[in-house]
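# Take this sequence and fold it.
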Amino acid sequence: MKNKNLNYYITKYFSDYLPLVLGVSKNTISSYRDTFVLLLKFIQIKNEVNINNISLSYLTNEIIEEFLIYLETEHNNSISTRNQRLAVIRSFCKYLKNRELSCFENCSNILSIPLKKAPQASLSYFSVDEIEILVNMPNSKTKNGFRNYVLLLFMYETAARAQEIADLTLKQIHFKDYSYVILKGKGNKERNIPITEDLKEVLIKYIKIFHIEDQDDYIFKNKNNNKITTKGIEYILKKYIEEARIKYPNKFKDNFSNHSMRHSRAMHLLEAGVNLIYIRDILGHKSVITTEIYAKTNPLIKEKQIIEHSKHLNVEDKYSEEDKNNLLEFLNTL
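Numbering: from 1, shown residues only. Prediction:
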């Protein structure tokens, strides 16, 4: 086992297994890559070994456990990020143990490393009033402001992930028969999201103003006319949140992120009585169990369900006064 090289299997894992066998997206591959860059550098420094000559013998549960501690203490990763890194390493170990029998025991030990329990993070979402304020914060009379207005409106109405918005091209938007957009989510899974007449009109105007004609053109671009990034989307959102906080000091109290727009749309649909199954499809969740977190978090939904399903119980008295007296007499004889 000492003569085996880890780099060979990592290369095959990324070049063949992930894209060709599992069919994962480029974004997923990039995320997995980051984990292995950190892991290989960690092994290199810890063992003073050339990064290109790391043998499989270094892939042990002790090394991985030390690496996970390093991520939290030295790299300042959250528990959630730490667990995501471990999930990537687990995936590789499942791949490796079936292809290199000498690694079977080490991989099995790594697969037994548990995920670390993390406190349940609360969902941050905007109220309906806050959404209306936020979407209208950009000065839509300017070209840049109009782009930001359309971006925020699209984020909310479609409940799209930031990466899905960054990747959005003209061919994914359809106005014939009925209006909808095709969003490409995790694992390259597509879902059709109907859009309102208002969003349709805004998009048509936007596409015309920005001269988006090629079907492969990205819808949202930065000032350099390049595809917008998730960091760019985050910057725009936070910019208008800060401006809104100044203008409306009693609102926007939570710590918001790109996902807050997505959470907000789900919460507002739920409050409007839309079935969880449809909300699941809009969000692109695999299971409705994931979507149920919105029902569990929203206090208005909880209160509504309690009121609707609570019934006044008219309990009939099963015992007459004579029966009760006889029962007491019986009990006193015991």
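# just the helices in the stretch 151-300 of the chain please.
Secondary structure of the stretch 151-300 of the chain (DSSP state H, counting those that start in this stretch): helices located at 162-166, 197-209, 230-247, 258-271, 276-283, 288-297, 299-309.
# pLDDT (mean, whole number) over the third one?
In this model, helix 230-247 has an average pLDDT of 93.
# and the angle from that helix to helix 258-271?
Going by axes from the mean of the first three to the mean of the last three C-alpha atoms, to 10 degrees, helix 230-247 is angled at 70 degrees with respect to helix 258-271.
# And the fifth one, by the same measure?
Comparing the axes of helix 276-283 and helix 258-271 via the same axes, to 10 degrees yields an angle of 150 degrees.
# Tell me where the model's unsure across the stretch 51-200 of the chain.
Applying pLDDT under 70 to the stretch 51-200 of the chain picks out residues 120-122, 187.
# One more pass at 50, please.
Counting by pLDDT under 50, the stretch 51-200 of the chain contains no low-confidence residues.
# Now do the contacts for the nearest residue to Tyr156 once chain neighbours are set aside.
Nearest in space to Tyr156, with sequence neighbours left out and distances taken as C-beta to C-beta, 6 or more residues apart in numbering, is Met261 at 5.1 Å. Using the backbone N, CA and C atoms, a C-beta is placed for each residue, glycine as well. Counting by C-beta atoms under 8 Å, 6 or more residues apart in numbering, Met261 makes contact with 126, 152, 155-156, 159, 237.
# how about those, which pair is most distant?
Farthest apart among the contacts of Met261 by C-beta to C-beta are Ala159 and Leu237. That separation is 14.2 Å.
# Save the contacts of Met261 as CSV, and put in neighbour count and distance to Glu329 too.
As requested, those are exported to CSV (neighbours: other C-beta atoms under 10 Å; distance: C-beta to C-beta, whole Å):
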residue, neighbour count, distance to Glu329
Phe126, 25, 66
Leu152, 21, 76
Met155, 27, 74
Tyr156, 21, 71
Ala159, 22, 68
Leu237, 21, 75
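# Of the residues you listed, which is the nearest to Ser108?
Of the contacts of Met261, the one sitting nearest to Ser108 (C-beta to C-beta) turns out to be Ala159, at 40.0 Å.
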